[in-house]
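Asks: Pasting a predicted model and its sequence here:
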Amino acid sequence: MRRSMLIGITALGALAILAAAALAVYRGALAPQPVRPGTIAAGTYDPAAWGKVYPLEYDSWRRTAEPRPAGKSRYKPGWDTDRVVYDKLSMYPFLALLYRGWGMGLEYNEPRGHYYMMIDQLEVDPARVKPGGACLTCKSPYIGRLLEQYGPAFLKLPYSEAVAKIPAEHRTLGLACIDCHDHETMDLRVSRWTILAGLAALGKTEPTRQELRSIVCGQCHCTYVITRDEEMKPTDVVLPWAGSRWGDVSVENIIKEIRGSPANLEWTQEVTGFKLGFIRHPEFEFYTRGSVHWRAGVACADCHMPYVRVGTAKISDHNVMSPLKNDLRACLQCHVGPAEELREQVLAIQDRTVAVMNRAGYATATVAKLFELAHRERDHGRTLDPELYGRAREAYLEALYRVIFLAAENSMGFHNPSEAGRIAGDALAFAGRAEGYLRQMLAAAGVDVPEDVNLELGRYLQDRGAKHLNFRPEQEVRDPTGLQDLFVPPAARGLP
């Protein structure tokens, strides 16, 4: 009996061991497998060639060509399944007035994503690419090679000539693997000279891997200045970060740098006649200036390129998009759901930002029209107080650059909610100060100024550019609080 029991126990033990071993093998088969680096030939630009070694990443990158689910994002509709390209000048009509005299004031669309970077640029109004070769700085992966071949003179080439220097099969190629990865190790790399100089100015010469997961995005998702010579030909592309620190590139210092040299003034505003610089998509500067997520160590890639499991492989999702359009899957990696509650928090932040940005935008547009009136009266012989004029101009420029900053930043405040509120509030305050100075100056000159200044937005929204674009009222982003009409009545906007 004892012998039989021992044999049975031994058999059960053996079965248990076998079962445990089988389970371990099964779990091992299901466990995410790390990506093993392969070899890519140096100078390989074609993503399909990289895809032969990294097919999963390549497949996810190719999906950036696909439209996103419609209705997921309230303020960044972009290229969705409705197939509508949204006109930012229709969405925020005051921008059409403020940007008139600049290519952005003719055609300015919500971007369609990485796959369409070059395609969108090739199709946009010709006024947008007047700087020429400099326009390819972030759009084409070939920019580094072209600068090596042709030197700084490449930046001055007319746009069509610059594009013709790109191999014909890749003239519509946007962001590619070579932009962000080392061809041998797959380590993240910085490929733009602009941010290398910018990081040096910030004293950040040896970033960590986690910092690189933001810096690599920031090499294009940042603002820049196309410096000009006396003939307004491009001489370089520079990030206005001098005088700033890592984690503290403020809008104030960006404005100071832009205004610090005549070489940084790229266009003349039609309404005021002022020569100005510009601020483009400053996501990196805005996010890294002490936002909650930045302080928590969250990188851009954590939210916009979250890890996904494909079979037994774990990869970083290269189908880059807003977390809102991906049902906040990236957010749920850290936050406790449900997703709908998180979505409402995001939209609440964006609602508040839009409300104050609209107030500041319309207030700044009102100041621009008062300058237009002042200049017209001066041309007819009125004497304007130079001290009040100078104070008004200074306050106006401070307001204008802040409005441009917020309108260009692509998160509608979410990347740094407290900073968004601060910038919008300061813009509104500067605009109010400028309007006060101008009304005082015009009254002293004997000019009767109406309470509600007509912005005549139809003048700036209709028949724009080579495509004769018009205002699309169904795309206008109205104040979510419903209060904007109290500050600028509909009749004073002059919309068509």
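Replies: Cool, the structure landed.

Asks: Could you pull up the residues touching residue 317?
Replies: 60, 305-308 (CB atoms under 8 Å, 6 or more residues apart in numbering). In this view, the C-beta of every residue, glycine as well, is placed from N, C-alpha and C.

Asks: one more time with 10 Å
Replies: Neighbour list for residue 317: 56-57, 60-61, 63, 301, 304-308, 310, 326, 329-330 [criterion: CB atoms under 10 Å, 6 or more residues apart in numbering].

Asks: Also residue 91?
Replies: Going by CB under 10 Å, 6+ apart, residue 91 touches 75, 77, 108-110, 354, 407, 472, 475-478.

Asks: List buried residues within the residues you listed.
Replies: The neighbour-count test (16 or more other CB atoms under 10 Å) marks 75, 77, 108-110, 354, 407, 475, 477 as buried among the contacts of residue 91.

Asks: Where helices are concerned, which of the residues you listed count?
Replies: Among the buried ones among the contacts of residue 91, the ones falling in helices (DSSP state H) are 354, 407.

Asks: Among the buried ones among the contacts of residue 91, name the ones in strands.
Replies: Members of the buried ones among the contacts of residue 91 lying in strands (criterion: DSSP state E): none.

Asks: Show me where the stretch 151-300 of the chain has its strands.
Replies: Along the stretch 151-300 of the chain, counting by DSSP state E, counting those that start in this stretch, strands occupy 225-228, 234-238, 267-268, 275-276.

Asks: can you list the domain ranges for the chain.
Replies: The chain breaks down into these domains under automatic domain parsing: 47-296, 340-493.

Asks: Could you find the closest non-adjacent residue to residue 236?
Replies: residue 227 (4.9 Å; CB to CB, 6 or more residues apart in numbering).

Asks: picking that back up, want to try JSON lines for the strands of the stretch 151-300 of the chain, with mean neighbour count and mean pLDDT as columns?
Replies: Formatted as JSON lines, these follow (neighbours: other CB atoms under 10 Å; pLDDT from 0 to 100):
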{"stretch": "strand 225-228", "mean neighbour count": "22", "mean pLDDT": "96"}
{"stretch": "strand 234-238", "mean neighbour count": "19", "mean pLDDT": "97"}
{"stretch": "strand 267-268", "mean neighbour count": "16", "mean pLDDT": "98"}
{"stretch": "strand 275-276", "mean neighbour count": "16", "mean pLDDT": "98"}
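
Asks: Of those strands, give the one that comes closest to residue 172.
Replies: Nearest to residue 172 among these is strand 234-238; the distance by CB to CB comes to 21.5 Å.

Asks: hmm, back to that, would you turn the strands of the stretch 151-300 of the chain into a markdown table with distance to residue 196?
Replies: Converted to a markdown table, the strands of the stretch 151-300 of the chain look like this (distance: least, CB to CB, whole Å):
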| stretch | distance to residue 196 |
| --- | --- |
| strand 225-228 | 16 |
| strand 234-238 | 12 |
| strand 267-268 | 27 |
| strand 275-276 | 27 |
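
Asks: Compare these and give me the one nearest residue 452.
Replies: strand 275-276 (26.1 Å).

Asks: and that closest one, which strands flank it?
Replies: Pairing partners of strand 275-276, with direction, according to DSSP bridges: strand 267-268 (antiparallel).

Asks: Run the chain-centre distance for the partner strand.
Replies: In terms of CA atoms, centre = their mean, to the nearest Å, the centre of strand 267-268 is found 22 Å from the chain centre.

Asks: At which residues are the helices of the stretch 251-400 of the chain located?
Replies: Taking DSSP state H, counting those that start in this stretch, the helices of the stretch 251-400 of the chain run over residues 251-259, 283-288, 292-295, 300-304, 339-379, 386-408.

Asks: helices or strands up against the third one?
Replies: Helix 292-295 sits against helix 283-288, helix 300-304, with contacts defined as 3 or more CB pairs under 10 Å, 6 or more residues apart in numbering; DSSP states H and E.

Asks: How many residues are close by residue 277?
Replies: 25 (other CB atoms under 10 Å).
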